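Undergrad: Pasted the sequence and its predicted model underneath.
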Amino acid sequence: MRDALARMRVMRTVERPPQLFVRGQGSWLWDAEGDAYLDFNQGGAVNSLGHSPSVLVSALRRQVENLINPGAGYYNLGMLKLATRLCHATDSDQAYFLSSGAEANEVAIRLARKWGQLHRGGAGRIVTAFNGSPDKASVRPGSEAGAAGFTSVPFNDLGALAAALDEQTVAVMLEPLLGEAGAIPAPLEYLQGVARLCRERGLLLILDELQTGIGRCGALLAEELYGVRADVVTLGKGLGGGVPLAALLARGNACCFEPGDLIGSCHSDSLATGAGLAVLDAVLEPGFLEHVRTVGEHLSEGLAQLARRHGHGPLRGHGLLLGLPLVGLSAPAVVKAALKERLLIDAPQAHCLGFSPALTVSHGNIDEMLKRLTRALGRISGRN
């Protein structure tokens, strides 16, 4: 009864299942009844190292004992260490830390427009790419079709993008992989073509790597898979390992913010940057990204075989950010059936399943997930 009353106090902005999770470790979650669930969603790729990893727990404990938040107007040690480490690892020149990916994208847009004032005669239009319909735009802030200062073109249509570029354009901003559209990766020739157009037209390239960054695709940044180099990169989700943290990275003359340009913007704190440093150090450990690539291949192979057996697919995505299109089945229905098998997966689209397990996931975890997913699909098709 007490839980029921407490649930009524929480604004019902999403439909939540009845499970009350109280503990997590690695790829597993336990509910209040003591039942264990295999988590292949991880908060939508937020828990990059899984639930309550020891390196993150230790870092947070140390930081809480020393300093949580000195205020946005002061340097703190975590800020300096993480900026230095992140810039060195990504070959960037400056970093700025925030609390959410939406804020990071918003600030990237403000940075581009400041750059446009300095280098393109005040140009400020941002061209973004969407998949299918403008309401599924790849860049969240302000990217709806018709929004002032934005032009949206179809994803993977280089001709349409080129035609949208004019003297009022300052930047192209897109995701290397459309996560919310169901893990649709940009083709190599498309993203390289976008980068080439930006160079030729003197525009900034902004890559939204909120989901794809920090090792999720088997490289520290997904841009590495494509052989491109963005002027501005936004990071979020996995950077804090579950702690709210995002970052803006800038390179070359895109580093043009001055004191006073971001008054009123949200800034991160010592606790969050301490978490980010622990996550980044773990991801940069020798062999870590190789592990992500290896288990990513194992997961891809297993899901592809399952899809062929059940008449679904083809599988898409990179590394440990994968989407499985379904034929004739509702993805939310499969998610509910998987929950009965104590498996947590996502449905980013009505007919597409999403998988974003911990980067530390094991081969055994993957094999167990495939068994549970097979049973869930059997539930839906009436075979179980």
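TA: Yep, it's here.

Undergrad: Quick one: residues contacting E341.
TA: 372-373, 375-376, 379 (CB atoms under 8 Å, 6 or more residues apart in numbering). C-betas here are computed from N, CA, C, even on glycine.

Undergrad: actually Q349, sorry about that
TA: 181-182, 323, 331.

Undergrad: 7 Å instead, please
TA: 181-182, 331 (CB atoms under 7 Å, 6 or more residues apart in numbering).

Undergrad: okay, those residues in TSV with secondary structure and distance to S99 next?
TA: Shown next, in TSV, are the contacts of Q349 (DSSP: H, G, I helix; E, B strand; the rest coil; distance: CB to CB, whole Å):
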residue	secondary structure	distance to S99
A181	coil	25
G182	coil	27
A331	helix	30
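
Undergrad: Show me the one in those residues that has more neighbours than the rest.
TA: G182 (25 neighbours; other CB atoms under 10 Å).

Undergrad: sorry, back to before: scan the contacts of E341 and report the most crowded one.
TA: Going by other CB under 10 Å, L373 tops these with 25 neighbours.

Undergrad: I'd like the distance from that one to E285, if you could.
TA: Separation of L373 from E285 (CB to CB, to the nearest Å) stands at 30 Å.

Undergrad: ok, now P244?
TA: To E285, P244 is 24 Å away according to CB to CB.

Undergrad: Same check on G50?
TA: On the measure of CB to CB, G50 and E285 end up 15 Å apart.

Undergrad: Q211 too?
TA: Q211 is 22 Å from E285, by CB to CB.

Undergrad: Between the two, which is the more surrounded one?
TA: Q211 (26 against 11).

Undergrad: pretty sure that one contacts A45?
TA: Yes: with contacts counted by CB atoms under 7 Å, Q211 reaches A45, the gap being 5.3 Å.

Undergrad: Report the set of residues contacting both of the two.
TA: 237, 321.

Undergrad: wouldn't C198 be in contact with L205 here?
TA: Yes: with contact defined as CB under 7 Å, C198 counts as touching L205 (4.3 Å).

Undergrad: between those two, what contacts are shared?
TA: The contact lists of C198 and L205 share V172, where a contact means CB under 7 Å, 6+ apart.

Undergrad: So between the two, which is more surrounded?
TA: Each of C198 and L205 has its neighbours counted (other CB under 10 Å); L205 has more, 25 against 22.

Undergrad: Toward the C-terminus, what is the element adjacent to whichever strand or helix holds that one?
TA: According to DSSP states H and E, L205 maps onto strand 204-209. Next along the chain after strand 204-209, taking DSSP H and E as the criterion, comes helix 223-226.

Undergrad: That next one packs against which elements?
TA: Packing partners of helix 223-226 (3 or more CB pairs under 7 Å, 6 or more residues apart in numbering; DSSP states H and E): helix 188-201.

Undergrad: now the helix it packs on: mean pLDDT?
TA: Helix 188-201 shows a mean pLDDT of 98 in the predicted model.

Undergrad: what does it rub up against?
TA: 156, 158, 161-162, 165, 172, 176, 204-205, 226-228.

Undergrad: And it, what's buried?
TA: Going by neighbour count (16 or more other CB atoms under 10 Å), the buried part of helix 188-201 is 190-191, 193-195, 197-198.

Undergrad: any idea which of those is closest to D261?
TA: In terms of CB to CB, no member of these lies closer to D261 than C198, at 22.7 Å.

Undergrad: Compute the distance between that closest one and V232, please.
TA: 11 Å.

Undergrad: what do these two both touch?
TA: Overlap of the contact sets of C198 and V232 (by CB under 7 Å, 6+ apart) consists of L204.

Undergrad: okay, how far is it across stretch 333-346, tip to tip?
TA: Chord length of stretch 333-346, first to last residue, is 11 Å (CA to CA, to the nearest Å).

Undergrad: Then stretch 64-81?
TA: 17 Å.

Undergrad: now stretch 19-36
TA: End-to-end distance of stretch 19-36: 11 Å, with CA to CA as the criterion.

Undergrad: Provide the contact partners of it at residue level.
TA: 3, 37-39, 50-52, 342, 344, 357-358, 360-361, 365.

Undergrad: In it, which residues are buried?
TA: 19, 24, 26-31.

Undergrad: Kindly state the distance between the middle of that stretch and the middle of its chain.
TA: 23 Å (CA atoms, centre = their mean, to the nearest Å).
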